[in-house]
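Visitor: Below are the sequence and a predicted model for it; my questions follow.
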Amino acid sequence: MEDTFPIAINEDYPISTNDIVCGDEIRWTEPVFEGTFRKPVFKGYVMREGKVVRESYGAMAQHTFTIQTQDGKKLLRKGRTLYRYSVARKPWEDEDMRHLVAHEKHVRGARAKKQAAEHKEWLRSIGEMV
């Protein structure tokens, strides 16, 4: 664990990104806390590595990634959490294929955001949300 903010980019993960797709091998930084939910104590930053094996958009267009680490554990991370800190990825053998995967993800993301906006508007119309 490091006290200072480590940058994820290195020679194995040379591409800084804010657009993660399924199939990416990524390296990211995240903070570590101890204590309780009400009284967290910041302990430092940890660098993690893994492969994105699944990604999805929830009902309110929240992007969630399932990342399999090298020890076989599967971690769930929200996109907003990953993108907040440093994320780097390995290049694909076929970057054109990655662009197709990214385009498909962007289409689904736009659809999810539109559905979330329509749902919020519907809630406003029936007086459930201001």
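Guide: That came in fine, so what should we check first?
Visitor: and stretch 77-97, how far apart are its ends?
Guide: 24 Å (Cα to Cα, to the nearest Å).
Visitor: err, stretch 15-30, not the other one
Guide: Start-to-end span of stretch 15-30 (Cα to Cα) is 18 Å.
Visitor: beta partners for the nearest residue to Q62 once chain neighbours are set aside?
Guide: Distances taken as Cβ to Cβ, 6 or more residues apart in numbering put K78 closest to Q62, at 6.1 Å, once the chain neighbours are dropped. Placement of C-beta: from N, CA and C, glycine included. Beta bridges link K78 to T64, judged by DSSP bridges.
Visitor: Contact partners for K78?
Guide: Q62, H63, T64, F65 (Cβ atoms under 8 Å, 6 or more residues apart in numbering).
Visitor: Quick check: longest strand in the chain by residues?
Guide: Longest strand in the chain, counting residues (DSSP state E): strand 40-57.
Visitor: which helices and strands sit right next to that strand?
Guide: The contact analysis (3 or more Cβ pairs under 8 Å, 6 or more residues apart in numbering; DSSP states H and E) places strand 40-57 against strand 25-35, strand 63-69, strand 74-78, helix 95-125.
Visitor: Compare these and give me the one nearest V41.
Guide: Closest of those to V41 is strand 25-35, at 4.2 Å (criterion: Cβ to Cβ).
Visitor: Tell me where the protein is predicted with low confidence.
Guide: Flagging of the chain using pLDDT under 70 yields the residue ranges 1-4, 59-61, 128-130.
Visitor: Name the residue closest to the centre of it, please.
Guide: G79 (2.9 Å; Cα atoms, centre = their mean).
Visitor: give the contact list for that residue.
Guide: G79 neighbours (Cβ under 8 Å, 6+ apart): I20, Q62, H63, T64, F65.
Visitor: before we move on, the earlier item: out of the contacts of K78, the closest to H119 would be?
Guide: Q62 (12.8 Å).
Visitor: To what extent is the closest one buried, counted in neighbours?
Guide: 13 (other Cβ atoms under 10 Å).
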